[in-house]
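>>> Next come a sequence and a model predicted from it.
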There are 2 protein chains.
Amino acid sequence: MRSLTQPERADLDLVAVLHALSDPVRLELVRLMASDGEVSCSPEHLDIPRSTLSNHWRILREAGLTWTRSEGKARYMTLRRDDLETRFPGVLAAILACAASPLRG
Amino acid sequence: MRSLTQPERADLDLVAVLHALSDPVRLELVRLMASDGEVSCSPEHLDIPRSTLSNHWRILREAGLTWTRSEGKARYMTLRRDDLETRFPGVLAAILACAASPLRG
């Protein structure tokens, strides 16, 4: 298995986090993790190609939004809520509170 | 003078706002407006080409972060703090509270 780039808490960068959140699909993935906890790489209700989703998950992971767990070929993601709250207090909570859910059918 | 694209409060989009903030120069321009009020298009302490700054200001304006006032050839920008707070409560305040200032010498 390839090792996954996942920055340490101290290396989280606000600009990278904001960039990761500045896409409607990624914002929806973050909302999903915030509400459901661990999420599989292809959530059922999202009608988006797996390769596109995979790219979005990579951007979220590399920006430090998620922890990724591999199980066989599947991956499961959780939101690094504590790390984000520690480094950027209130930012994620405020964004989640006002993010609409345009992609959930 | 060309008319400037500046979305109404009701048309502000969270993803566009986050994208506008996901750049170190633009984040610094927003910090500057938050601290100084009205800011000219080429702030003295920023050693960045005018054309690059102009592009950053355009992105901020089109995303609804700024109001732009023209005076002769110069432009002056202010942060649309009230509009942003009304549409996305707490988001800008939380981001400004933890944004470092890497570009101010």
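Done, it's in.

>>> what about residue A:52, distance to residue A:31?
Going from residue A:52 to residue A:31 by C-beta to C-beta, to the nearest Å gives 17 Å. Using the backbone N, CA and C atoms, a C-beta is placed for each residue, glycine as well.

>>> Apologies, that question was intended for residue A:85.
Residue A:85 is 16 Å from residue A:31, by C-beta to C-beta.

>>> neighbour count winner among those two?
residue A:31 (18 against 13; other C-beta atoms under 10 Å in any protein chain shown).

>>> Where does that one fall, secondary structure wise?
For residue A:31, the element it lies in under DSSP states H and E is helix A:24-36.

>>> which parts of chain A sit against chain B?
Neighbours of chain B within chain A, by C-beta under 8 Å from any C-beta of the partner chain: A:14-16, A:18-19, A:21-24, A:27, A:87-91, A:93-95, A:97-100.

>>> hmm, which of the residues you listed are the buried ones?
Among those, those classed as buried by 16 or more other C-beta atoms under 10 Å in any protein chain shown are A:14-16, A:18-19, A:21-23, A:27, A:87-88, A:90-91, A:93-95, A:99.

>>> Now, these that are in helices?
Among those, the members found in helices (DSSP state H) are A:14-16, A:18-19, A:21, A:27, A:87, A:91, A:93-95.

>>> got a markdown table for the residues you listed, with distance to residue B:59 and pLDDT too?
Shown next, in a markdown table, are those (distance: C-beta to C-beta, whole Å; pLDDT from 0 to 100):
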| residue | distance to residue B:59 | pLDDT |
| --- | --- | --- |
| A:14 | 17 | 96 |
| A:15 | 14 | 96 |
| A:16 | 17 | 97 |
| A:18 | 13 | 98 |
| A:19 | 13 | 98 |
| A:21 | 16 | 97 |
| A:27 | 18 | 96 |
| A:87 | 25 | 96 |
| A:91 | 20 | 97 |
| A:93 | 25 | 96 |
| A:94 | 21 | 96 |
| A:95 | 19 | 97 |
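
>>> Could I get the contacting residues of residue A:78?
If you count contacts by C-beta atoms under 8 Å, 6 or more residues apart in numbering or on different chains, residue A:78 has them with A:33, A:37-39, A:66-67, A:69.
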